[in-house]
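Peer 1: Build me a structure from this.
(2 chains)
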There are 2 protein chains.
Amino acid sequence: MRYRYRSPVENVRLIDRFNVRQQTIGTIYLTSTHLIFIDPEGKRETWILHSLISSVEKLPSNPQGYPLKIRTKHFLSAEFTVPKERDGQDLYFTLLQLRPDSYEKLYCFHYQAPSCLEKIWDPFLLSTEYMRMGCPNREWKIEDINSNFDICDTYPPIIYVPVIASKSMLIGSSKFRSRGRLPVLSYLHPNGASITRCSQSLAGFSARCQEDEQLLQCILKTNTHKNSMCVVDTRPRINAVINRATGKGYENEGYYSNIQFKFCAIENIHTMKNSLQKLIEVCELKNPTMNQYLNGLEKTDWLKHIQTILDTSVFIARAIEIENKNVLVHCSDGWDRTAQTCSIASLLLCPYYRSIYGFRTLIEKEWLSFGHKFSDRCGHMANGDIKEQSPIFLQFIECVWQLTQMYPTTFEFNERYLISLHDHASSCQYGTFIGNCEKDRLDLNVKDRTYSFWNYILQNIGDFKNPLFRAQSIYTGEVLLPNITAQSLRFWLAMYHRFDSALLSKENLTDTLTRIIDHTTALNDHARLLEKRIHEMRDMMIVQNNVEDDDDDEQEQRKVSFIEIDSGLSETEQILNTNEERTIHSTNSDSITSKLSSILRPSDSESGFGGDSPNNLQHSTKSLYNNSTENGSLLLERLALELNSVALDWKSLKSPLRCSCSLAFDSTQRKYNCWRCGEIYCPRCIQLNHPLPGLYSNRHAPVCKTCAKSMKSSPSFVDFTTLIKSKSKEVLRMKPSISIDNKTIINNHSLCSNGTLTDTEIDSPSTLKK
Amino acid sequence: MRYRYRSPVENVRLIDRFNVRQQTIGTIYLTSTHLIFIDPEGKRETWILHSLISSVEKLPSNPQGYPLKIRTKHFLSAEFTVPKERDGQDLYFTLLQLRPDSYEKLYCFHYQAPSCLEKIWDPFLLSTEYMRMGCPNREWKIEDINSNFDICDTYPPIIYVPVIASKSMLIGSSKFRSRGRLPVLSYLHPNGASITRCSQSLAGFSARCQEDEQLLQCILKTNTHKNSMCVVDTRPRINAVINRATGKGYENEGYYSNIQFKFCAIENIHTMKNSLQKLIEVCELKNPTMNQYLNGLEKTDWLKHIQTILDTSVFIARAIEIENKNVLVHCSDGWDRTAQTCSIASLLLCPYYRSIYGFRTLIEKEWLSFGHKFSDRCGHMANGDIKEQSPIFLQFIECVWQLTQMYPTTFEFNERYLISLHDHASSCQYGTFIGNCEKDRLDLNVKDRTYSFWNYILQNIGDFKNPLFRAQSIYTGEVLLPNITAQSLRFWLAMYHRFDSALLSKENLTDTLTRIIDHTTALNDHARLLEKRIHEMRDMMIVQNNVEDDDDDEQEQRKVSFIEIDSGLSETEQILNTNEERTIHSTNSDSITSKLSSILRPSDSESGFGGDSPNNLQHSTKSLYNNSTENGSLLLERLALELNSVALDWKSLKSPLRCSCSLAFDSTQRKYNCWRCGEIYCPRCIQLNHPLPGLYSNRHAPVCKTCAKSMKSSPSFVDFTTLIKSKSKEVLRMKPSISIDNKTIINNHSLCSNGTLTDTEIDSPSTLKK
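Peer 2: Below you'll find the model as predicted:
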């Protein structure tokens, strides 16, 4: 343990920057992973992951103690005053030493995830994604010359290049490109136009490379519709010109025929870093005037940079979609601005990337496979070059956010997903964003040693879905070509001011919307089942109902049946009373209904119900009541379960301040309604996939732990289970082809929709809570 | 007809300012009330009310024709190019003459509202509002010295002043205050502190007025908790000082004891007008750079002014709530800045004003009764002084909007309400905002001659509700005291850029939320009814169900009943067959259920249903099945109606581009789902209050005209109606105390919940669609 600091520091003042009068006094704890500030009065806990702390600053001492300022990579800026100078100094020096100096010490290699998260990596295969785009094809082939990272150690082992490009061409071109990053396929549009990406050429003032020129002609020829293509140099022209002096620079237009070159003026990583620094300073202004604030915001140039990146991406997308032209994109090394613009252009062109899974694919391809230097840019390690840190990935995330604001129904994910993505690229909690390229991650063997961020997302998918998403947009191939005006860009409060609760609206609109949609789904599902039951019960009461118009002479005689009810216990009950200690809620109506069902034949036309009932109703009705193993007692028991299992009214998300487990809710936290009792719970107190008998669709739904427990121990549930167990034994003995088990009871609709159950569906109750 | 322009102008180009490449070519029509641009290709119609046109400008002629620029008071800025110069000139001069030069020519005196809007004014009584605040009381009295507008023609006829203030004091003070606007009560807080309002004193450099000084002491003494008060001069100190030179100015602190004076730096109407002018110019910038835009926004000072107004209002609210101090507010004449700050402070202090009706009350009191010069400020008339126009009311509306963004759950109304309010203060469509004070409106007799804006709001209340509103906030007395930081204010895109569809998100989140909440309500209501029906049907199947634990020795013998079903038709059916030409869907189960019901006694404890069923269920169950006039046929008929009448799935608001009536939807328009078929309709195609049998609550719901029609003509509906009619005749003959009529059928739940119907509830079907 290299920390000098050991015990908690008490009576620490936390200064809220938007309400200087309110200082919170609490205790600081430092665990091996987190810095924790506990405010006993507000019962609030602030947990800061060590890896997210970006700077620790000592402010001038004052009479109240030793003040420290901590800034984090997720835009928390906190000022603490430690009462004793010695404690403050200890804390300060300890905090300074937190950042790991080797990969092995990164959080992801020690992180113990909750048991629900498995250490299994769902592998991303680059070839699958290219296959989705239709590659290889007549124009594009897979090339494995980089399988051992020989020609480019920051590229993936397989690359996609024009079919007509020879190996020597590729090797020659890679030698003429900075860091060997030769032009390779990034995205293929359905119209045949493509985005290719690479790094700057090593042209200097006059050098040329025939293989590179040939390779570009090969790329040009992959698009049979156009005899010209476009090279987008995302840098400002002046930067490209300066690079010439160091033997790099840009393509000499004279050597490349039928190619238009365009500079796009996206600034370099240093400018971007400064811009973010200024932005943070503006965000930290204490009660600035409106003019100071707007002036400050303008001077940061942050939104200007966002606009330029978006503009460049729209330019590329337009060239592809409107002009049907191939575009080759590069910047200096082709892993920052190139990654930004290629991925945003792809997002604009291809709706698949706007889905949760597709967005993962996009990041896996453009950022992870093609070697964005996450560890350097996000400053994962203490010994990294501080000049290499830059908010390139953040800018990409913000550009996507700006697009989600312009097109609120076309993205499957929500703001929380983007924020999580940004934070975990820096947090080192998951192995996904560790290292600077695929090779690094292979060398570190992250897949076997760490958890995957994508797995975490999948485990909590409900938290990250955009309730406004229009799923059909994925299938219509909708291309987005927005006009990026200054007026259309917004300042992202929820990212940069997320800890300033006074600034953020108390209501998370997305969660509210998700909750109401879930409620609608639950009610719809339940009502569907209730309607079905009413149809069934009605059918039991109607024996035959053939009504014809008076005009019609063929009016049938109404058929009438006699029903006689036995006295005494039914057969089933007698069996049960001998087998079981507890008496179940059985009634003599068993006999009514079994008698009824034995004589009922549902009529073919359900007159009066106008065909509104689902098609499978008649089928299921028959299967329910013609099945001699079912009887009235079952029906009534099931009804009791069904009616009890879905809450019609749900508590509003606004009402509770804390969960029943005493956890205080804040605005960023996802809260859940229990589908059974309607109350609100934190993620820890809810079981996300519990069976609910009252749903038509047989879906598993979020249920609080109390309800989950009571559903298992309620008399009707137990009795019903026992009843069925004993019954199923009977039945199995008599008719081995029909298997009825617990699952049938809990999800009885699987019986209704399938008619029979297969063996694979037989589960014990414990395994049902998957 | 004074218009020179007569026929439509064709081939007019409308230039979209955010997409200069796209010009729409269409036709301009000028009716007596609207300027209409019809774009036959886009099938879009732009209707501009004459009274909303704020300026018409001739741009330099170009080869394409005679270009005109029109700006409206609701921030539409349109450039038309008329192909023929002559046409253009005609149109130009005609448009210039549109503004009326007398009150009588205002739109409200000619406007013909749709038939659903009545010309009845729901009178606002100032005394009712003061009574709500607890006035008159021991400290405050009603004073009628202004009943003939003698001492102040811009004040209401009744005013509220301290009990101990004498008439001579009031008259003396009014003579010492600009335009006679003496200090009067504006708002009384539950803690006894009050807001009073007046105009500046006519103090010049040294004048004093003992009556005024005494009146302020009387006001001070109304608050028994504090022996000091605060006078808020909302102007910048420099403005107040300059006013001294003209014999006006501010109170001399030396003459008033125990009073703190504070200046609040809200600029005058001319500065505000310039600021808005600059804001409009920034909004009209064609593709500005980010820096131009942010710089421009900063230079307008618009958000700075908004911040100052809000800051001043929060200052007043804090003095009242935290310091329990009386506050007297004034500016120069006490009808602009005073109206803004008094009303916003009241809104912060009193949750009532945050409801739809309460907000009306606030505007009636602070703006209409206390004489904000709507006609002058909004430029209703051609002969008004253009210098008097100023966006004072708009600023108030925007301040409220900023608050709604900070507190999204505490306001009952939505953004559309605020925008409507702003627009109709200028549109002159309703009499509500006509004239400069109450006296003007009385002289013009607007209440008899025009429609009321508030009536229009009430008629369309569903369009203006905030779906996130937490109703209980009204009753908790929640006071809002926000910290108005620069970061917390936003630019109001939906107000100033509302016609720039490229800038606004395509999805109206509020409407989406409202729709989903409505859907949830419908499903909840329907599911409640279905559960009730299942309970009832279940009760018909269970005769007696007394289950006890095995441990219990007193286990009852299960009671079993014999049920015998008759063959042939029931009595009721025989009656019906002779009375009616059409055969109804009756079945022999009539007999089953009538027999069943005659022997059924619902058990007191519904075992297995865990008390989840509403309390009134047992009662209604009894009333349904013990009532001998009901029978199984009725039950089944009702079930058919009920199951058919509520759509489980609703169409998404995003899907349709136009209504079935071919009206094209745009993002600002409210759309409705029909509760019966789930399809989407425009307001013209929906009946907002139609009875739906499938709802437990008996509520009337939005139903499309087709469904409304089909529900009336569907066989089951007609048959059922006829059946009940004939039955009711029978029953009435036999038992005159029970009356069953059409209402019972359409809203049969009124029977369930009440047991019996009163005579007043008997309505013909036509009057049911209230």
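Peer 1: longest helix in chain A, by residue count?
Peer 2: helix A:509-541 (DSSP state H).
Peer 1: could you check the angle helix B:509-541 makes with that helix?
Peer 2: Interaxial angle of helix A:509-541 relative to helix B:509-541 (axes from the mean of the first three to the mean of the last three Cα atoms, to 10 degrees): 30 degrees.
Peer 1: what mean pLDDT does helix A:509-541 have?
Peer 2: Averaged over helix A:509-541, pLDDT sits at 82.
Peer 1: Same check on stretch A:118-127?
Peer 2: Here the average pLDDT along stretch A:118-127 is 87.
Peer 1: And that stretch, how far out from the chain middle?
Peer 2: 16 Å (Cα atoms, centre = their mean, to the nearest Å).
Peer 1: Ok, stretch A:200-209 next?
Peer 2: 43 Å.
Peer 1: and for it, what are the contacting residues?
Peer 2: For stretch A:200-209, contacts defined as Cβ atoms under 8 Å, 6 or more residues apart in numbering or on different chains pick out A:172-173, A:175-178, A:212, A:233, A:240, A:243-244, A:246-252, A:255, A:330-334. To be clear about C-beta, it is placed using only N, CA and C from the backbone, and glycine gets the same treatment.
Peer 1: And for stretch A:256-267?
Peer 2: Taking Cβ under 8 Å, 6+ apart as the rule, stretch A:256-267 contacts A:213, A:216-217, A:220, A:227-237, A:239-240, A:250-251, A:253, A:275, A:305, A:308-309, A:311-312, A:315, A:331, A:337, A:340-341.
Peer 1: show me where pLDDT drops low in chain A?
Peer 2: A:1-7, A:14-22, A:42-43, A:504-507, A:541-635, A:654-656, A:666-668, A:713-770 (pLDDT under 70).
Peer 1: and it, what are its domains?
Peer 2: Taking the TED database as the reference, chain A has its domains at A:9-99, A:126-504, A:505-527+A:646-724.
Peer 1: Out of those, flag the one nearest residue B:372.
Peer 2: domain A:126-504 (25.1 Å; Cβ to Cβ).
Peer 1: Can you tell me the closest non-neighbouring residue to residue A:449?
Peer 2: Nearest non-adjacent residue to residue A:449, counting by Cβ to Cβ, 6 or more residues apart in numbering or on different chains: residue A:109, 5.9 Å away.
Peer 1: and if you look at residue A:185?
Peer 2: residue A:160 (3.8 Å).
Peer 1: which SS state does that neighbour fall under?
Peer 2: strand (DSSP: H, G, I helix; E, B strand; the rest coil).
Peer 1: got it, and residue A:54?
Peer 2: strand.
Peer 1: Tell me if I'm right that it and residue A:76 touch.
Peer 2: No. Counting by Cβ atoms under 8 Å, residue A:54 stays clear of residue A:76, with 9.5 Å between them.
Peer 1: Those two: which has the busier surroundings?
Peer 2: residue A:54 (19 against 16; other Cβ atoms under 10 Å in any protein chain shown).
Peer 1: I'd like to know how far that one sits from residue A:378.
Peer 2: Separation of residue A:54 from residue A:378 (Cβ to Cβ, to the nearest Å) stands at 10 Å.
Peer 1: got any residues that touch both of those two?
Peer 2: residue A:73.
Peer 1: before we move on, back to that, bridging across strands, which residues link to the residue nearest to residue A:185?
Peer 2: On the basis of DSSP bridges, residue A:160 is bridged to residue A:142.
Peer 1: and it, what does it touch?
Peer 2: Residue A:160 touches A:130, A:135, A:136, A:140, A:141, A:142, A:143, A:184, A:185, counting by Cβ under 8 Å, 6+ apart.
Peer 1: Which two of these have the greatest separation?
Peer 2: Farthest pair in the contacts of residue A:160, by Cβ to Cβ: A:136 and A:184, 13.0 Å.
Peer 1: Which neighbouring elements make contact with the longest helix of chain A?
Peer 2: helix A:589-599, helix A:616-626, helix A:632-644, strand A:672-673, helix B:509-541, helix B:589-599, helix B:632-644 (3 or more Cβ pairs under 8 Å, 6 or more residues apart in numbering or on different chains; DSSP states H and E).
Peer 1: does any part of the helix or strand just after the fourth one sit near chain B?
Peer 2: Tracing the chain C-terminally past strand A:672-673 and defining elements by DSSP states H and E, one meets strand A:680-681 next. No. Where contact is defined by Cβ under 8 Å from any Cβ of the partner chain, no part of strand A:680-681 touches chain B; the two come within 14.4 Å at best.
Peer 1: Can you give the strand pairings for strand A:680-681, parallel or anti for each?
Peer 2: Strand A:680-681 is paired, per DSSP bridges, with strand A:672-673 (antiparallel).
Peer 1: what sits up against the partner strand?
Peer 2: Under Cβ under 8 Å, 6+ apart, the answer for strand A:672-673 is A:515, A:518-519, A:647, A:650-651, A:653, A:679-683, A:686, A:688, A:702.
Peer 1: From the contacts of stretch A:200-209, keep the buried residues only.
Peer 2: Buried residues within the contacts of stretch A:200-209, defined by neighbour count using 16 or more other Cβ atoms under 10 Å in any protein chain shown: A:172-173, A:176-178, A:212, A:233, A:240, A:243-244, A:248-252, A:255, A:330-334.
Peer 1: Just the ones of those in strands?
Peer 2: Of the buried ones among the contacts of stretch A:200-209, the ones assigned to strands by DSSP state E are A:233, A:330.
Peer 1: who's residue A:70 bridged to?
Peer 2: The partner residues for residue A:70, given DSSP bridges, come to residue A:56, residue A:78.
Peer 1: thinking again about what came up before, how many other residues sit next to the residue nearest to residue A:449?
Peer 2: 16.
Peer 1: Likewise for residue A:475?
Peer 2: 9.
Peer 1: next one: the helix or strand that contains residue A:186 to chain centre, how far?
Peer 2: For residue A:186, the host element (DSSP H and E) is strand A:184-188. Its chain's C-alpha centre and that of strand A:184-188 lie 25 Å apart, by Cα atoms, centre = their mean.
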